[in-house]
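**Q** Could you look at this predicted model? Sequence included:
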Amino acid sequence: MTKTLRIARRFNGPHDSGNGGYSAGLASQFLPNADAVEATLRAPIPLDTTLRAHFTGAGVDIMTDDAATRILIMSLAPTRIAAPDVRSPGLEAATVAAATYPGVADHVLPHCFVCGPARASGDGLRIFADWLKEPSGLDNPNLFPIVAAPWWPTEDLADPSGFIAPEFIWAALDCPGAFAIDSEPIVLGRIAVKIIKRPTPNVPLVAVAWPRGQERQKHFAGSALFSEVGELLAFSEQTWVEIDQHAPPKEL
């Protein structure tokens, strides 16, 4: 049994390929009963192209649809991840952090659906994470440095249930992790996501991310999404890979 999906051009990360978080989140629909889903990205994600889901004993492989030149794009499998020991810094602190977003002046992917400053409000998510500063009277509740940003999801991001569709939650968890890692160029290699509660649109949310160490060319990060009142809604564990811009990334 196979099913198909397409990543619309709107949801790019790099100019000619899909945003990793969004694309993996869309593919996670094929594992609806998983507590959490881990996606390993294998190749650039083609836009406006039919991709086919091949179900395996471990989960699902997403591949290009041409049998003669079939390419494995990503693999997804059920997993379990523990909730992180992190709390929301609050909407005010996230807003202050985002005001110094380094990508405004120097962004390698200015048209990224999630974090690209060239995307208009209501088009891209415009999640602009930077390191947390402490506004007067607010103590940092976290034991490690985090980047933070506010996010105002719009009505077009909701599915028929009225809640934000899972793929946009995955997307919102993706890019902040890159800004928690002080290294370039990097690509998302693996992301595991657990969604606890999906929010409704038109209410402010807080996205945060933090570094989780490094192993040679691999950098590890975590991210989380909170409601305005600090309720943990979703979280991720991520692996980012340093790349040679003139060579394909190594397998994870």
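**A** Arrived safely.
**Q** Return the set of buried residues in stretch 33-42.
**A** For stretch 33-42, burial by neighbour count (16 or more other Cβ atoms under 10 Å) applies to Ala34, Ala36, Val37, Glu38, Ala39, Thr40, Leu41, Arg42. (C-beta placed from N, C-alpha, C; glycine too.)
**Q** same thing with stretch 55-64?
**A** Within stretch 55-64, the residues that qualify as buried by neighbour count (16+ other Cβ under 10 Å) are Gly59, Val60, Asp61, Ile62, Met63, Thr64.
**Q** now stretch 25-34
**A** Gly25, Leu26, Ala27, Ser28, Gln29, Phe30, Leu31, Ala34.
**Q** Which of the buried residues of stretch 33-42 sits closest to Gly13?
**A** For the buried residues of stretch 33-42, the closest approach to Gly13 (Cβ to Cβ) belongs to Leu41, at 10.2 Å.
**Q** Give the bridge partners for that closest one, please.
**A** Beta-bridge partners for Leu41, by DSSP bridges, are Met74.
**Q** how close does it sit to Ser75?
**A** From Leu41 across to Ser75, the span is 9 Å (Cβ to Cβ, to the nearest Å).
**Q** Can you list the residue ranges for strands in this structure?
**A** Remark: strands assigned in the chain by DSSP state E are 2-5, 36-41, 51-55, 60-64, 72-79, 130-131, 147-151, 186-195, 205-215, 218-227, 232-242.
**Q** Can I get the ones you listed in TSV including distance to Pro14 and mean pLDDT?
**A** Formatted as TSV, the strands of the chain follow (distance: least, Cβ to Cβ, whole Å; pLDDT from 0 to 100):
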stretch	distance to Pro14	mean pLDDT
strand 2-5	19	87
strand 36-41	12	98
strand 51-55	17	95
strand 60-64	17	96
strand 72-79	14	98
strand 130-131	21	95
strand 147-151	21	97
strand 186-195	9	96
strand 205-215	20	95
strand 218-227	18	97
strand 232-242	14	97
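**Q** right, and these - which one's nearest Leu109?
**A** strand 186-195 (10.5 Å).
**Q** For that closest one, give me every contacting residue.
**A** Contacts to strand 186-195, defined as Cβ atoms under 8 Å, 6 or more residues apart in numbering, come from residues 13, 20-21, 24-25, 28, 35-41, 79-81, 83, 166, 169-170, 173-174, 177-178, 218-219, 233-243, 249, 252.
**Q** what are the pairing partners of that strand, and which direction each?
**A** When pairing is defined by DSSP bridges, strand 186-195 lines up against strand 36-41 (antiparallel), strand 232-242 (antiparallel).
**Q** In TSV: those, plus distance to Pro199.
**A** As requested, the strands paired with strand 186-195 are exported to TSV (distance: least, Cβ to Cβ, whole Å):
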stretch	distance to Pro199
strand 36-41	18
strand 232-242	6
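**Q** so which of these comes closest to Lys197?
**A** Across the strands paired with strand 186-195, closest to Lys197 is strand 232-242 (Cβ to Cβ), at 5.1 Å.
**Q** picking that back up, helices - which of the buried residues of stretch 25-34 land there?
**A** Gly25, Leu26, Ala27 (DSSP state H).
**Q** out of the buried residues of stretch 55-64, who's nearest Val96?
**A** For the buried residues of stretch 55-64, the nearest to Val96 is Ile62 (38.7 Å; Cβ to Cβ).
**Q** Much appreciated, bye for now.
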